[in-house]
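Chemist: Next come a sequence and a model predicted from it.
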Amino acid sequence: MGRLRVERVLSRELGKRRFFLSPPEPPPSFLMGNPSDSVYIGRTKLLSVPVCWDYKKLTNPHMAVIGITGSGKSYFVKTFLTRASLVWGTNALIIDWAGEYGQWVEQVGGRVISLGTEGINLLDLGGMTPSDRIKQVLTSFSILTDMGKNQVGLRFLELALEKAYRKKGFSLSEGGGTEEPTMKDVLRELVKMEKKKLPSRKRDALEGAVYVLRKFTSPGSDHFGKKSTIKLDELTRSGLVCIDLHGLPSESMRSLAGLTILQFLKEKMRDEGWRPEKGLKLFVVADEAWKIAADERSDLIAIVREGRKYQFGLIVASQNPTDVNRAILSNVGTMVIMRLQLKEFKEYVRGSLRYSAFIEDEIDRFGVGNAAIHMIPYAGGRFPQTFLLDRIDGEEPFISLHIVGDGMDIEFERDDFKKRLVRLGLNDEQIGEVVMEFERSDYKLSVLVLISLLEKYGFAKSVIVLFLREMGVKEGSIINLFSQIKRIKMGVEADKISTLVVRDA
């Protein structure tokens, strides 16, 4: 029979053992849910409780996902949308700025619409009156161009829009026409106005409006000056749809397309109204939509404020939380915080959510796939709203690749690293060879081997250096790595190298 022994233990040691502390996690009754009516995300880090996302327990179904490139944001979104579709039959519309989702959407049987080849007519009504659509178009140009600072120029644009609709047989307040005008028709109306005698200030404003519209309607850039090749009102019930914007030639065009899609979605949401069916009808995903997520006039904010009652959910993903308007961050029911790099980003998120120093310290140590989850309960509750997830538990194995050597260990999610290789210019065969090298070495590849492979594929030293910098390799390490490669090629042993130091006499 054993004996009990009295031992003096310091209070800080008791604190570490957490005998008398409630773990910073919500209770299992809040985190766990019916598998047939909730979306499983993963398990909590401290008590390994299954986390089942149930929008009915939250203030709203909207979500913000924050984390640096390669932290696992897109992996989380893909997993979440897949399970929401299985559980509730939810449709999803992804507004994809950087071309991150197209390949995956095709693989799972969804539809990809590339706006580099297909077009949207900005003046399509989609059930709205011309008057309402004109207001939306003016808002878009106010957000995205210098016309927002020039009310006179906006007024000229408004008059040209009204004339373009009327010439097609539309009543501004009731509709009635059969074929909507295009922005080229609007440009023609503005050019006609230039022929009139105007005071110099008004003429300057009119010329500014003409200049802006020419940028969006000139040959090679007239993606919004033609008739639509897609029907936006069908996209909300077409399963999984990715609208790929990265083929558009400028950030302004991508943002104009994104705003237009959101405007149609908002009107569609309001037109369909509330329905009593279980679940969510649609998730709208805006990934790296910084230019329209920051402006308070954006329809992202209207959707996040009204979406719950119409069974619409919004997912905003960004590597920079300061790019997301506070009205969005303060109104989402769920925030997923992944790895953050800059101190200002960490302070911004903590200032918004007010989580503990313990959570902050854990976020500083995050690897790929680790996350902190912040959920706001609908019914309230006296328990921590921010807690740690052990790892995103996805639909396929979450494979991390490590680049090691010269004191470094840089981690990437496999699909994200493959995308980086695609952007660098590697073909499918070369990417397969690089990934195979990772697999042979238990997913840890020497940076020297990686550099040697890139040199074999014909990449110049300057391109490889830039690639290493983008991956987070420090400048001193880059110099040392190329010195090592040169020494290996020369067949010189490290202890045979001499350093010549030249000083002024």
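Modeler: In hand now; what should we look at? A quick note: this is a predicted structure, and the numbers were derived from the prediction, not measured. Numbering: from 1, shown residues only.

Chemist: Just give me the residue right at the centre of the protein.
Modeler: For the chain, the residue whose C-alpha lies nearest the mean C-alpha position (CA atoms, centre = their mean) is Asp287; its distance is 2.2 Å.

Chemist: and Arg350, what is it in contact with?
Modeler: Residues near Arg350 by CB atoms under 8 Å, 6 or more residues apart in numbering: Glu360. Yep, even glycine has a C-beta here, placed from its N, CA and C like the rest.

Chemist: partners of the residue nearest to the centre of the chain in the sheet?
Modeler: Asp96, Ala317 (DSSP bridges).

Chemist: Tell me how many other residues surround Val435.
Modeler: As a burial measure, Val435 scores 18 neighbours (other CB atoms under 10 Å).

Chemist: That one should be in a helix, yeah?
Modeler: Yes - assigned with DSSP: H, G, I helix; E, B strand; the rest coil, Val435 falls within a helix.

Chemist: For it, which non-adjacent residue is closest in space?
Modeler: Sequence neighbours aside, Lys418 is the residue nearest to Val435 in space, at 6.9 Å (criterion: CB to CB, 6 or more residues apart in numbering).

Chemist: What average pLDDT does the helix or strand hosting that neighbour get?
Modeler: Assigned by DSSP states H and E, Lys418 belongs to helix 414-424. The pLDDT scores in helix 414-424 average 82.

Chemist: Report the buried residues of it.
Modeler: Arg414, Asp415, Asp416, Phe417, Lys418, Lys419, Arg420, Leu421, Leu424 (16 or more other CB atoms under 10 Å).

Chemist: what's that helix packed up against?
Modeler: helix 73-88, strand 400-405, helix 428-440, helix 461-471 (3 or more CB pairs under 8 Å, 6 or more residues apart in numbering; DSSP states H and E).

Chemist: now the angle from the third one to strand 400-405?
Modeler: With axes from the mean of the first three to the mean of the last three CA atoms, to 10 degrees as the criterion, the two stretches helix 428-440 and strand 400-405 enclose an angle of 80 degrees.

Chemist: Where does pLDDT dip in this structure?
Modeler: Under the criterion of pLDDT under 70, the regions of the chain flagged as low confidence span 1-23, 148, 233, 272-279, 290-291, 293-294, 307-310, 395-398, 490-505.

Chemist: Now do the domain split for the chain, please.
Modeler: Annotated domains of the chain cover 27-119+230-389, 130-217, 400-496 [automatic domain parsing].

Chemist: Kindly reformat those domains as CSV containing distance to His223.
Modeler: As requested, the domains of the chain are exported to CSV (distance: least, CB to CB, whole Å):
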stretch, distance to His223
domain 27-119+230-389, 5
domain 130-217, 8
domain 400-496, 23
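
Chemist: So which residues of the stretch 1-150 of the chain form helices?
Modeler: For the stretch 1-150 of the chain, the helices defined by DSSP state H, counting those that start in this stretch cover 11-17, 28-31, 73-88, 102-107, 130-144.

Chemist: again, but for the stretch 251-400 of the chain
Modeler: Using DSSP H, counting those that start in this stretch, helices in the stretch 251-400 of the chain cover 251-272, 290-293, 299-306, 326-329, 343-353, 357-364.

Chemist: Can you redo those as TSV, where the extra columns are distance to Glu180?
Modeler: Formatted as TSV, the helices of the stretch 251-400 of the chain follow (distance: least, CB to CB, whole Å):
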stretch	distance to Glu180
helix 251-272	13
helix 290-293	23
helix 299-306	20
helix 326-329	31
helix 343-353	41
helix 357-364	49
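
Chemist: quick one on the thing from earlier: tabulate the buried residues of helix 414-424 in CSV, adding columns for distance to Leu58.
Modeler: Shown next, in CSV, are these (distance: CB to CB, whole Å):
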residue, distance to Leu58
Arg414, 31
Asp415, 29
Asp416, 28
Phe417, 33
Lys418, 34
Lys419, 31
Arg420, 34
Leu421, 38
Leu424, 40
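
Chemist: coming back round to it: show me the one of the helices of the stretch 1-150 of the chain that comes nearest Leu401.
Modeler: With CB to CB, the closest approach to Leu401 among these belongs to helix 73-88: 13.2 Å.

Chemist: got a list of contacts for stretch 315-326?
Modeler: 62-69, 71, 73-74, 77, 80, 283-290, 293-296, 298, 300-301, 328-329, 332, 340, 344-345, 348-349, 352.

Chemist: still on that earlier bit, which one of the domains of the chain lies nearest to Phe224?
Modeler: domain 130-217 (5.4 Å).

Chemist: Can you go through the contacts of stretch 315-326 and name the buried ones?
Modeler: 62-69, 71, 73-74, 77, 80, 283-290, 293-295, 298, 300-301, 328-329, 332, 340, 345, 348-349, 352.

Chemist: Please save the CA atoms from the helix or strand harbouring Glu162 in PDB.
Modeler: Using DSSP H and E, the element containing Glu162 is helix 151-167. C-alpha atoms of helix 151-167 as PDB (Å, rounded to 0.1, in the frame of the first residue of the first chain):
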ATOM      1  CA  GLN A 151     -19.600  65.200 -57.300                       C
ATOM      2  CA  VAL A 152     -19.900  67.100 -60.600                       C
ATOM      3  CA  GLY A 153     -18.300  64.300 -62.500                       C
ATOM      4  CA  LEU A 154     -20.700  61.800 -60.800                       C
ATOM      5  CA  ARG A 155     -23.600  63.900 -61.800                       C
ATOM      6  CA  PHE A 156     -22.600  63.800 -65.400                       C
ATOM      7  CA  LEU A 157     -22.200  60.000 -65.200                       C
ATOM      8  CA  GLU A 158     -25.700  59.800 -63.600                       C
ATOM      9  CA  LEU A 159     -27.300  61.800 -66.400                       C
ATOM     10  CA  ALA A 160     -25.500  59.700 -69.000                       C
ATOM     11  CA  LEU A 161     -26.800  56.500 -67.300                       C
ATOM     12  CA  GLU A 162     -30.300  57.800 -67.300                       C
ATOM     13  CA  LYS A 163     -30.200  58.700 -71.000                       C
ATOM     14  CA  ALA A 164     -28.800  55.300 -71.900                       C
ATOM     15  CA  TYR A 165     -31.600  53.500 -70.100                       C
ATOM     16  CA  ARG A 166     -34.300  55.700 -71.600                       C
ATOM     17  CA  LYS A 167     -33.000  55.200 -75.100                       C
END
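
Chemist: Work out the gap between it and the centre of the chain.
Modeler: 34 Å (CA atoms, centre = their mean, to the nearest Å).

Chemist: residues contacting Met193?
Modeler: Here Met193 is in contact with Phe156, Leu159, Ala160, Leu206 (CB under 8 Å, 6+ apart).

Chemist: In TSV, list those residues along with distance to Phe383.
Modeler: Formatted as TSV, these follow (distance: CB to CB, whole Å):
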residue	distance to Phe383
Phe156	56
Leu159	57
Ala160	57
Leu206	60
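
Chemist: among the residues you listed, who's most crowded?
Modeler: Ranked by neighbours (other CB under 10 Å), the contacts of Met193 are led by Ala160, which has 26 neighbours.

Chemist: what's Ile261 in contact with, if anything?
Modeler: Leu93, Ile95, Ile120, Leu232, Ile243.

Chemist: how about those, which pair is most distant?
Modeler: Most distant of these, by CB to CB, are Leu93 and Ile120, 13.6 Å apart.

Chemist: burial count for Leu445?
Modeler: 21.

Chemist: what's the nearest residue to it if we skip its chain neighbours?
Modeler: Phe438 (4.9 Å).

Chemist: Confirm for me that Asp37 is in contact with Lys57.
Modeler: No - using CB atoms under 8 Å, Asp37 is not in contact with Lys57; the gap is 10.8 Å.

Chemist: More neighbours: the two, which one.
Modeler: Taking neighbours as other CB under 10 Å, Asp37 and Lys57 compare with Lys57 leading, 20 against 13.

Chemist: what about Leu58, distance to Phe412?
Modeler: Look at Leu58 and Phe412: by CB to CB, to the nearest Å, they are 31 Å apart.

Chemist: For these two, indicate the residue with more neighbours.
Modeler: Phe412 (23 against 20).
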